[in-house]
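1. With the sequence up front, the predicted model follows.
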Amino acid sequence: MTELLAALIVVAPTAAGALAWFADDRRAGRLAALGFVTALAAGLLLAARVFVEGPLGAFGGLVVVDALGAYVLALVLVVATVALAGSPGHLAHERAAGRLRPNDTGRYYALLLWFATALAVVPLLDNLGLLWVGIEATTIVSALLVGFARTPTAIEAAWKYLILGSIGIGFALLGTLLLYASSVGGLGEMSDALAWTRLTELAPRLDPGLARLAFIFALAGYGTKAGLVPFHFWLPDAHSQAPSPISSLLSGAALAVALYALARFHLITVATLGPAFSSTLLVVFGLLSLATALPFIVAQGDLKRLLAYSSIEHLGLATLALGFGGHLALLGLTLHLFSHGLAKSTVFLAAGRLVAERGSRRIGRLGGSLARSPADGRALVVAALALSGLPPSGIFVAEIAILLGGVQAGWGLAAGAAAAILALAVAGLLFHVIRVSVGPPGRPAEGPPASHRWALLLGVPLTVVVVAGLWTPSPLAAALNQVVLVLGGGRG
Amino acid sequence: MTIDLRTAGQLVDACAAAIVLLGVGLAATRSIGRAIWLVALQSALTGVAAISVGLATGAGHLVIGGLLAVGAKGVVVPFVLGSILRRSPVRQERHPLLGRHASLVAAVAIVFVASAAANGAFVGASVAAGRGLPAAIATVLTGLLIIMTRRKALSLVVGLLVFENGIALTAFALTYGMPFVVELGVLFDLLIAVVVAWVYARRMLDVLGSTSTDELRSLRG
């Protein structure tokens, strides 16, 4: 059963993507939906089984899914649903503007499905080497999507993403190698010496010097993919130039997957060296990312770049939470990843439509959006309030939990600094969003008003984000606690 | 076919030395066409080192992995890069950030630093760090040097390949390579990445009229 589900998650969207590549415009979307819904159903069923029955394995130990893996898998699939659902609207606008070439629709859907598949595979694998292969595959496929528009700026963003991403991820491979070497030295060569389940068990016997070096390289490598400062230079370009549904997937899911990889290294390093070493590094880089994102949020003039820098801020906060450790901060981290993923993927869709309507990304030219495009304007305002960490929203609860957890865990100073930065970022983000929503009208909008389906697509995820700040159903709370248990170094 | 361990060791040493020398040559050359063939040769030698150890120890996966590396990185990749070069109007690295002499000095300095670093960092480690390690570190750093100082898109891809060869050599020096499935995955990713780089280099030529990354400076803030 586990084997079947894991295979469906990979094979159904990969095959549907291959068919969509060659299909005509009308069929490509349906094929993509069919392949993806199959993977979505299989993935959610697999995740649910993990939360009920405990960790599941398949294919001779190649696939192991624990509560953390199941959670990240569910996150990827839900964010990909938002991105896929937002794609027909995006493509329709591109087609109307004459920016689509023949076959572009099929290729777009194929690449989107392969990107989502590569992201979904990563949390299934019990092998740090193959996990690296999966994350590198996400970079390569998404590089083709970032430059999909073929404009000079899109090509620039995609090229930077490909080169900087490949260098960064090369460091992660070195880190993986060093961890492998640290186990081979003590244990001899084994086929499962790269399995994180095995490495966590054997962690006290790993070579501490090599394990320390391994974590530093993994932090630089997967930190690049997670957009941690100072490895973030590709992120604002790639997330702002990509087609908006792809920005959703990059910000909502790809960053979380990179953080997942970093978390696996962190757990092994903690078990080998004790918590001090890797936790301190995570706190330092988390704070650095928060602090660096702040001025770029405050002084931003481009709506999509604003959202991209907000992603750097939020991933900095998530990294900080991972470094803090402790039940409360990790619970905050778990809630944060989902709330941020949903809010950010939805707001990218709304921003993308606003930008397409006005033909400009400049915040000064997008004024009056609330009156002119109510569905997108409302979504932007609600999402910005949530992303600022204002109540009621899942992100508000998560941020409070992370900061209090930090104080509890003895990181009072770091938590205080983070709170100050977050408060300033609220002002920056809200200032820009007020200008876009009720500011002086900018360029005239073109194109038909948003359909009811579009309003629903934006409304549902944002409602979930808001409700998550008020009420958590008890099965969900139990699931969150299982994830926290794994993140705390236990077996979930 | 088998060879004895001593011969294999000598072969690996020879390959490592040649890889470092090719790295120095790559850092110094300005001709992109020459750089492509030098990096192809360097990539092939990482494969040859794996094959010779595989033959000596009877580890079949090393031989297969080495052969695949020679084929993919030594033949397919230079062919793909060469096809971009033929379309490109400029085939020289005209204004690198470091001149030829400075690059040469930097590359030689890297070799010395790498030897010192390899001896220093792994003294306490329980792993019997192999002889290839200084060469591996030097190659990784040479790749980064090329990426940082060149401006043409193709030169950056060459730098990335040198960096990747350094990683492959590190894998080999530390643990005699990764498990076979991982090696296969890494090689597959590398090939696809080069194809994507090919796609974008073509788009740069079509849209911007050049593959110089100087044209790519409009995104800021």
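-> All right, it came through fine. Numbering: from 1, shown residues only, chains lettered A, B, ... in the order given.

2. rest of the way, CA atoms for contacts and neighbours
-> OK.

3. so where's the chain uncertain?
-> Because you didn't say which chain, this covers chain A. A:185-191, A:491-492 (pLDDT under 70).

4. nope, chain B
-> Residue ranges of chain B with pLDDT under 70: B:1, B:119-131.

5. how about the residues of it near chain A?
-> B:124-128, B:156-157, B:160, B:163-164, B:167, B:170-171, B:174-175, B:178-179, B:181-182, B:185-186, B:189, B:192-193, B:196-197, B:200, B:203-204, B:207-208, B:216-219, B:221 (Cα under 8 Å from any Cα of the partner chain).

6. Next step: those residues restricted to strands.
-> When DSSP state E is applied, those are split such that none fall in strands.

7. tell me the contacts of the closest residue to residue A:364 other than its chain neighbours?
-> Spatial nearest neighbour of residue A:364, chain neighbours left out: residue A:442 (6.6 Å); criterion: Cα to Cα, 6 or more residues apart in numbering or on different chains. Counting by Cα atoms under 8 Å, 6 or more residues apart in numbering or on different chains, residue A:442 makes contact with A:364-368.

8. so how far is chain A from residue B:112?
-> 21 Å (Cα to the nearest Cα, to the nearest Å).

9. Point to the residue nearest the middle of chain B.
-> residue B:162 (2.1 Å; Cα atoms, centre = their mean).

10. That residue and residue A:411: what is the separation?
-> Residue B:162 sits 42 Å away from residue A:411, going by Cα to Cα, to the nearest Å.

11. Need the three-state assignment for the residue nearest to residue A:364.
-> Three-state assignment for residue A:442 (DSSP: H, G, I helix; E, B strand; the rest coil): coil.

12. What of the one 3 residues further on?
-> Assigned by three-state DSSP, the conformation of residue A:445 is coil.

13. how many neighbours does it have?
-> Neighbourhood size, residue A:445 [other Cα atoms under 10 Å in any protein chain shown]: 18.

14. quick one: contacts for it?
-> By Cα under 8 Å, 6+ apart, the contact set of residue A:445 is A:357-358, A:372.

15. cool, residue A:153 as well?
-> Residues in contact with residue A:153 (Cα under 8 Å, 6+ apart) are A:241, B:216, B:218-219.

16. Would you mark the buried spots in the helix or strand that contains it?
-> Counting by DSSP states H and E, the element that carries residue A:153 is helix A:152-187. Of all the residues in helix A:152-187, those buried under the rule 16 or more other Cα atoms under 10 Å in any protein chain shown are A:152-185.

17. Give the next helix or strand downstream of that helix.
-> For helix A:152-187, the following helix or strand on the C-terminal side (DSSP H and E) is helix A:196-202.

18. where do the strands sit along chain A?
-> In chain A, strands defined by DSSP E lie at A:56-58, A:63-65, listed in chain order.

19. just the buried members of the contacts of residue A:153?
-> Buried, going by 16+ other Cα under 10 Å: A:241, B:216, out of those.

20. still on that earlier bit, same list, the strands of chain A, but as TSV with distance to chain B and mean neighbour count please.
-> TSV is the format used below for the strands of chain A (distance: least, Cα to the nearest Cα, whole Å; neighbours: other Cα atoms under 10 Å in any protein chain shown):
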stretch	distance to chain B	mean neighbour count
strand A:56-58	17	19
strand A:63-65	14	23
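
21. Those strands: which one's closest to residue B:87?
-> Ranking the strands of chain A by their distance to residue B:87 (criterion: Cα to Cα) puts strand A:63-65 first, at 44.4 Å.

22. Does anything pack onto that closest one? Which helices or strands?
-> Here strand A:63-65 touches strand A:56-58, going by 3 or more Cα pairs under 8 Å, 6 or more residues apart in numbering or on different chains; DSSP states H and E.

23. hey, where'd the helices end up in chain B?
-> Ranges of helices within chain B are B:5-28, B:32-57, B:60-71, B:77-87, B:100-121, B:133-149, B:153-175, B:180-203, based on DSSP state H.

24. by contact count, what packs against the shortest one?
-> Meaning helix B:77-87. Against helix B:77-87 (3+ Cα pairs under 8 Å, 6+ apart) you get helix B:32-57, helix B:180-203.

25. Could you tell me the angle between it and helix B:180-203?
-> Angle between the axes of helix B:77-87 and helix B:180-203 is 0 degrees (criterion: axes from the mean of the first three to the mean of the last three Cα atoms, to 10 degrees).

26. Buried residues, helix B:77-87. List them.
-> B:77-79, B:81-82, B:84-85.

27. and that helix, how far from the chain's centre?
-> From the chain centre to the centre of helix B:77-87 is a distance of 17 Å (Cα atoms, centre = their mean, to the nearest Å).

28. cool, and stretch A:321-335?
-> That offset, for stretch A:321-335, works out to 17 Å (Cα atoms, centre = their mean).

29. what's near enough to touch residue A:439?
-> Residue A:439 neighbours (Cα under 8 Å, 6+ apart): A:367-368.

30. follow-up on the earlier one: which of the contacts of residue A:442 lies closest to chain B?
-> residue A:364 (16.0 Å; Cα to the nearest Cα).

31. Residue A:194 versus the residue nearest to residue B:175 when sequence neighbours are not counted, what's the distance?
-> Distances taken as Cα to Cα, 6+ apart place residue A:181 nearest to residue B:175, at 5.8 Å, with adjacent residues excluded. Shown here: residue A:181 relative to residue A:194, a distance of 10 Å by Cα to Cα.

32. How much space separates the residue in the stretch 251-400 of chain A that chain B sits nearest to from residue A:310?
-> Residue of the stretch 251-400 of chain A nearest chain B, by Cα to the nearest Cα: residue A:296 (6.8 Å). Residue A:296 sits 9 Å away from residue A:310, going by Cα to Cα.

33. Name the residue in these two with the higher neighbour count.
-> Using other Cα under 10 Å as the criterion, residue A:296 and residue A:310 rank with residue A:310 on top: 25 against 18.

34. how about that one, what does it touch?
-> For residue A:310, the contact set (Cα under 8 Å, 6+ apart) comprises A:293, A:297, A:387.

35. Thanks again, I'm all set now.
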